[in-house]
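Asker: okay, structure incoming, though there's no sequence with it:
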Ligand code: ADP
């Protein structure tokens, strides 16, 4: 499913956070969104989910304006995968994932075999079936993040919005979650992933988009977007890109 953002503007009170943003995330692509804290990455995702109302522009999924859809119809197209917080959810992993199917049920209906199968498939897809009966709040951060991804898959959404999914994870878990995101894109999901690490965009993304002061500063192939100049503009730091056989590597410069 293709996600198109057209001239999207958003304000909190009088303060404009996003100014006429336009871009497209294609089906089967992982789009990394870069930008310093407070630039509007989460706000953008909330607009796509219908949790915030833009003051201008449109958001289309395969040409359908999301604002015209019911919450249930929207949930079948887009899912938000939140950051892992040290919150305690006293549910099993299976029940957490099963909650992703609640949009497909009428208000008072309980999940049936179809929904349970969707939850099982989602856990299997992410290779975490063995966690199904474990309490969610006893898992590692990386495992919890994968459970959130499984919940989005059980929701049957084809566009996945991952809001800094690696922020609180150790290095190994970061690579695991990013690898899972890339595999989902390979399988035809459209994945938008915000990250603080430009190296993530270089390693895992098909395209990258840099947000700065409410506008798109750069958008395209990660190697073209992630340049020393762009990183200086975004983060105010001197950073070099060193070419290696495995692709460019981001290296902070002395004195910064
Ligand atoms: P990011 O995800 O890139 O860190 P956010 O989308 O969370 O950025 O925030 C964008 C800007 O909007 C920030 O300046 C933030 O302080 C502000 N902001 C976020 N949420 C609210 C809110 N509910 N009310 C007012 N301002 C907000």
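Answerer: Noted; the coordinates are in hand. Computed from a prediction, not measured in an experiment: that's the story for all the values here.
Asker: list the helices and strands the helix or strand of the chain with the lowest mean pLDDT packs on?
Answerer: The least trusted helix or strand in the chain, going by mean pLDDT, DSSP states H and E, turns out to be helix 71-75, with a mean of 90. For helix 71-75, there is no helix or strand it packs on, judged by 3 or more C-beta pairs under 8 Å, 6 or more residues apart in numbering; DSSP states H and E. For glycine as for every other residue, the C-beta is placed from the backbone atoms N, C-alpha and C.
Asker: list the buried residues in the next helix or strand after that helix.
Answerer: The helix or strand immediately downstream of helix 71-75 is strand 78-81, counting by DSSP states H and E. Residues of strand 78-81 classed as buried: 78-81 (neighbour count, 16 or more other C-beta atoms under 10 Å).
Asker: let's have the residues you listed in JSON lines, adding pLDDT.
Answerer: Output for those, formatted as JSON lines (pLDDT from 0 to 100):
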{"residue": "78", "pLDDT": "96"}
{"residue": "79", "pLDDT": "95"}
{"residue": "80", "pLDDT": "95"}
{"residue": "81", "pLDDT": "94"}
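Asker: which of these sits closest to the ligand?
Answerer: residue 80 (12.3 Å; C-beta to the nearest ligand atom).
Asker: for residue 5, give me the backbone phi and psi.
Answerer: phi -110, psi 120 (degrees, to the nearest 10).
Asker: residues near it, how many?
Answerer: Residue 5 has 22 neighbouring residues, counting by other C-beta atoms under 10 Å.
Asker: how near is it to residue 206?
Answerer: 17 Å (C-beta to C-beta, to the nearest Å).
Asker: again, but for residue 222
Answerer: Taken as C-beta to C-beta, the span from residue 222 to residue 206 is 8 Å.
Asker: which stretches in the protein count as helices?
Answerer: 41-49, 71-75, 93-98, 113-125, 141-154, 171-186, 198-204, 222-225, 228-235 (DSSP state H).
Asker: out of those helices, flag the one nearest residue 242.
Answerer: Closest approach to residue 242 among the helices of the chain (C-beta to C-beta): helix 228-235, 10.4 Å.
Asker: who does the residue of the stretch 51-200 of the chain found nearest the ligand bridge with?
Answerer: Residue of the stretch 51-200 of the chain nearest the ligand, by C-beta to the nearest ligand atom: residue 194 (6.6 Å). Note on residue 194: beta-bridge partners residue 33, judged by DSSP bridges.
Asker: who's in contact with residue 51?
Answerer: Contacts for residue 51 (C-beta atoms under 8 Å, 6 or more residues apart in numbering) come out as residue 80.
Asker: got phi/psi on it?
Answerer: Torsion angles, degrees, to the nearest 10, at residue 51: phi -90, psi -20.
Asker: which residues of the stretch 1-150 of the chain lie near the ligand?
Answerer: Within the stretch 1-150 of the chain, the positions near the ligand by C-beta under 6 Å from any ligand atom are 12, 17, 35, 37-43.
Asker: among these, name the buried ones.
Answerer: 17, 35, 39-43.
Asker: want to throw the residues you listed into a markdown table with pLDDT?
Answerer: Formatted as a markdown table, those follow (pLDDT from 0 to 100):
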| residue | pLDDT |
| --- | --- |
| 17 | 96 |
| 35 | 94 |
| 39 | 93 |
| 40 | 94 |
| 41 | 94 |
| 42 | 94 |
| 43 | 96 |
